[in-house]
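>>> no sequence on hand, only this structure:
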């Protein structure tokens, strides 16, 4: 991590924290601790929250929490982990100031939003690879199918609930369809697998047309925002401004890829001005709600 002193994992909802390929190796060096910023809601509380997680810091009357944290970390070789930073993205300049004051500090941040601050190196976390949908009557190779990451995750979570569950010729096509229709998003796949105690893969696949009603079962230990597919999407949507929400809703008419010109054709209209389209689309890309496909015309 010497080249980039601030590394941001970012991706769309249900990806960056849940993607098993993105889990870090165990830490062996000094680490002050991890601060989860989910639900804080106010950027001004970020430094205070991070400082308290050090275990030895306390609020001191008349002192800025950021200054207290900077003094504590100034001469330390430390790794500071910050989770769910999208909720307090306005605090990004404070994080940049902390890095400027602490030459030996490295920050590892998860966020649905790229923060765009100095020393930041992005590590985009994409959805899991999915299988291709089989042709009618095609017999799938079960071993090959089970090795595809999206399918492997579905099988892992299904077996955690129903140990006897197995990939078989009669359910292989349905499992593949579930993973493809959920776009390889780990959280959505886990929510689908949570239905295995009461539904077969064929029944789950048949109900994906009403996925917001279907994908609601999850662990009670999960945060509220991860317990249903609707809650996950609401979490991302609520981080947007009125203009950004309007553009996102209007771009929903596209079933696949589109150009900037096509986006302007459908998205312009109160409260969205034509000269704002480029900036608003860029914001949605930063929020991981749109993905730029390399090689396609802009």
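Arrived safely, thanks for sending. In this text, all values refer to a predicted model and were calculated from it rather than measured experimentally.

>>> what about residue 169, how many residues close to it?
By other CB atoms under 10 Å, the residues close to residue 169 number 9. (Glycine included, C-beta is placed from N, CA and C.)

>>> and it, what helix or strand is that in?
Using DSSP states H and E, residue 169 maps to neither a helix nor a strand.

>>> how much space between it and residue 210?
27 Å (CB to CB, to the nearest Å).

>>> and for residue 118?
For residue 118 relative to residue 210 (CB to CB), the value is 46 Å.

>>> okay, the two: which has more neighbours?
Set residue 118 next to residue 210 and count neighbours by other CB under 10 Å: residue 118 wins out with 12 against 9.

>>> where do the helices sit along the stretch 101-250 of the chain?
142-146, 149-161, 172-181, 186-193, 201-206, 211-214, 229-237, 242-251 (DSSP state H, counting those that start in this stretch).

>>> residues in contact with residue 73?
Counting by CB atoms under 8 Å, 6 or more residues apart in numbering, residue 73 touches 32, 80, 98, 102, 105.

>>> distance of it from residue 183?
From residue 73 to residue 183 the distance is 39 Å (CB to CB).

>>> next: residue 242.
Applying CB to CB, the value for residue 242 to residue 183 is 27 Å.

>>> with neighbour numbers in mind, choose between the two.
residue 183 (15 against 8).

>>> so where's the protein uncertain?
1-6, 9-63, 217-227, 295-298 (pLDDT under 70).

>>> one more pass at 90, please.
Scanning the chain for pLDDT under 90 picks out 1-91, 94-127, 134-139, 183, 185, 187, 210-239, 255-257, 285-298.

>>> that one: strands as residue ranges?
6-10, 33-36, 78-83, 105-111, 120-124 (DSSP state E).

>>> can you lay out the ones you listed as TSV showing mean neighbour count and distance to residue 277?
Formatted as TSV, the strands of the chain follow (neighbours: other CB atoms under 10 Å; distance: least, CB to CB, whole Å):
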stretch	mean neighbour count	distance to residue 277
strand 6-10	22	23
strand 33-36	16	35
strand 78-83	20	32
strand 105-111	23	24
strand 120-124	15	23
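
>>> I'd like those laid out as a markdown table, including distance to residue 260.
Shown next, in a markdown table, are these (distance: least, CB to CB, whole Å):
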| stretch | distance to residue 260 |
| --- | --- |
| strand 6-10 | 22 |
| strand 33-36 | 36 |
| strand 78-83 | 33 |
| strand 105-111 | 25 |
| strand 120-124 | 21 |
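
>>> residues touching residue 184, list them.
Going by CB under 8 Å, 6+ apart, residue 184 touches 127, 128, 129, 130, 149, 150.

>>> try residue 171
200, 201, 202 are the contacts of residue 171 under CB under 8 Å, 6+ apart.

>>> swap in residue 272?
Residue 272 neighbours (CB under 8 Å, 6+ apart): 243, 246, 247, 250, 280.

>>> what bridges to it?
Residues in a beta bridge with residue 272, per DSSP bridges, are residue 269.

>>> against residue 113, how distant is it?
Here the criterion is CB to CB. By it, residue 272 lies 20 Å from residue 113.

>>> centre of the chain to stretch 257-269, how far?
Distance, stretch centre to chain centre, for stretch 257-269: 25 Å (CA atoms, centre = their mean, to the nearest Å).

>>> ok, residues contacting it?
By CB under 8 Å, 6+ apart, the surrounding residues in contact with stretch 257-269 are 246-247, 250-251, 253-254, 274, 277-278, 280-281, 293, 296-298.

>>> of these, just the buried ones, PyMOL syntax please.
Buried members of the contacts of stretch 257-269, defined by 16 or more other CB atoms under 10 Å, are picked up in PyMOL with:
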select buried, resi 246+247+250+251+277+280+281
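
>>> which of the contacts of stretch 257-269 fall in helices?
Using DSSP state H, the subset of the contacts of stretch 257-269 located in helices is 246, 247, 250, 251, 277, 278, 280, 281.

>>> before we move on, the earlier item: of all the helices of the stretch 101-250 of the chain, which one is nearest residue 84?
When these are compared for distance to residue 84 using CB to CB, the nearest one is helix 229-237, at 9.4 Å.

>>> so for the closest one, what gets flagged as buried?
Applying 16+ other CB under 10 Å to helix 229-237 flags 229, 231, 232, 233, 235, 236 as buried.

>>> what's that helix packed up against?
Here helix 229-237 touches helix 186-193, helix 211-214, going by 3 or more CB pairs under 8 Å, 6 or more residues apart in numbering; DSSP states H and E.
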